[in-house]
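Asker: Here is the input, now give the coordinates:
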Amino acid sequence: MNQLRIRTLAGLFLAAAALSWALAGLWDSLDNTLPAVPLLAPVILALIAIVLLATTLSLRSRLRAQRERRPGARPVDRMMAARAVVFGQASALVSALVAGGYGGFGLFLLMYRMEVSNRREQALYAGLAVIAGLAVIAAALFLERVCRLRDGDEDGPGGGPGPIGHRA
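Answerer: Next comes the predicted model:
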């Protein structure tokens, strides 16, 4: 399994922001009403970040207990850890696109539509969605780091590379 690259996520974010900003400008130039940013957008992204962070902290404590050979430590199933990492990677990729989209739309609102009172709220919601999207990305990268195998741990009890470990 390949690791997420920050430049890939940044590229997705910037491409989505540029496209969103351009489409908002085009839509506005056609004298159409711009769509509203839903209040639930930052809330849902924040909930995904919380789930990823809780999963990461749980896996980290279980892996630490297993590494320190504490009595009663529950082992971490490699498939469960791999599924968590895949969920984190997918969430980070989608969040980069969504945060970029809301970022471009919010930037358009800040630049051209701040005189309209309800558009200030929309720009705030878009900014909160960007922050929550970045939190999802940070939590996914943290999860990936926690589940990465240390050098020399590749031939553990499962007999193969772990969730992100790969042989060079």
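
Asker: Of all the residues in the helix or strand hosting residue 133, which ones are buried?
Answerer: Using DSSP states H and E, the element containing residue 133 is helix 117-147. The neighbour-count check on helix 117-147 (16 or more other CB atoms under 10 Å) flags 119, 122-123, 125-137, 139-144, 146-147 as buried. Where C-beta positions appear, they are placed from N, C-alpha and C, glycine not excepted.

Asker: what do you get for stretch 81-92?
Answerer: Buried-residue list, stretch 81-92, by 16+ other CB under 10 Å: 81, 84-85, 87-89, 91-92.

Asker: Now residue 89: closest residue in space that isn't a chain neighbour?
Answerer: The spatially closest residue to residue 89, leaving aside those adjacent along the chain, is residue 4, at 5.6 Å (CB to CB, 6 or more residues apart in numbering).

Asker: so what does the top helix by length along the chain touch, helix or strand wise?
Answerer: In the chain, assigned by DSSP state H, the helix with the most residues is helix 78-112. The contact analysis (3 or more CB pairs under 8 Å, 6 or more residues apart in numbering; DSSP states H and E) places helix 78-112 against helix 6-29, helix 40-67, helix 117-147.

Asker: any low-confidence regions in this structure?
Answerer: For the chain, applying pLDDT under 70 flags the ranges 1, 149-168.

Asker: Swap in 50 and give it another go.
Answerer: 155-161, 165-168 (pLDDT under 50).

Asker: any idea which of the buried residues of stretch 81-92 is closest to residue 17?
Answerer: Using CB to CB, residue 92 comes nearest to residue 17 of these, at 16.1 Å.
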